[in-house]
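Chemist: pasting the structure only:
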């Protein structure tokens, strides 16, 4: 959540820092931005792994990463470039970054807390649910 909040506001500071054309200020802007990004990215593997039972964990996490790469990774630079070209200002790009981070923050708010839940129990519940579905389909 901290990474989403800091990242969402960072565009409003980073672009003016980059406009200074001072190498050290630009380096600081990039470094700080990467630190904020790391706050979001560091927890992502464990959060995603806890969302799926073992039998579908690899596929679920992979699908999440791949869809995100397609949607965010490919479209974000195109959208940012179009915004910068159309408005001749970095403000719309900073607002776009803010909007993306708001999506992240809302997602974090709706995550299920898994602290204290054994992944073995999750797997057992998944196995029971699968067995119940199979039994119901044979009737």
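Modeler: Received it, and whenever you're ready, just let me know what you need. This structure is a prediction, so every number in the text was calculated from the model and none was measured.
Chemist: what about the helices in this protein?
Modeler: 2-18, 23-49, 54-68, 75-87, 91-109, 119-138 (DSSP state H).
Chemist: would you convert the ones you listed into TSV that also reports mean pLDDT?
Modeler: Shown next, in TSV, are the helices of the chain (pLDDT from 0 to 100):
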stretch	mean pLDDT
helix 2-18	95
helix 23-49	92
helix 54-68	87
helix 75-87	95
helix 91-109	94
helix 119-138	77
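Chemist: in the protein, which residue is most central in space?
Modeler: residue 104 (5.7 Å; C-alpha atoms, centre = their mean).
Chemist: hmm, residue 40 and that residue touching each other?
Modeler: Yes. Counting by C-beta atoms under 8 Å, residue 104 sits close enough to residue 40 to count as a contact (6.5 Å). For every residue, glycine as well, the C-beta is placed using N, CA and C.
Chemist: overlap of the contact sets of those two?
Modeler: 3-4, 7 (C-beta atoms under 8 Å, 6 or more residues apart in numbering).
Chemist: contacts only, for the residue nearest to the centre of the chain.
Modeler: Applying C-beta under 8 Å, 6+ apart to residue 104 gives the contacts 3-4, 7-8, 40.
Chemist: tell me how far it lies from residue 127.
Modeler: 32 Å (C-beta to C-beta, to the nearest Å).
Chemist: now swap in residue 136 and tell me
Modeler: With C-beta to C-beta as the criterion, residue 136 and residue 127 are 15 Å apart.
Chemist: the two: which has the busier surroundings?
Modeler: residue 127 (13 against 8; other C-beta atoms under 10 Å).
Chemist: measure the more buried one to residue 98 for me?
Modeler: From residue 127 to residue 98 the distance is 43 Å (C-beta to C-beta).
Chemist: quick one on the thing from earlier: farthest pair in the contacts of residue 104?
Modeler: 8 and 40 (10.3 Å; C-beta to C-beta).
Chemist: just to revisit the earlier point, make JSON lines from the contacts of residue 104 and add distance to residue 131 to it.
Modeler: Below are those laid out as JSON lines (distance: C-beta to C-beta, whole Å):
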{"residue": "3", "distance to residue 131": "40"}
{"residue": "4", "distance to residue 131": "39"}
{"residue": "7", "distance to residue 131": "43"}
{"residue": "8", "distance to residue 131": "44"}
{"residue": "40", "distance to residue 131": "37"}
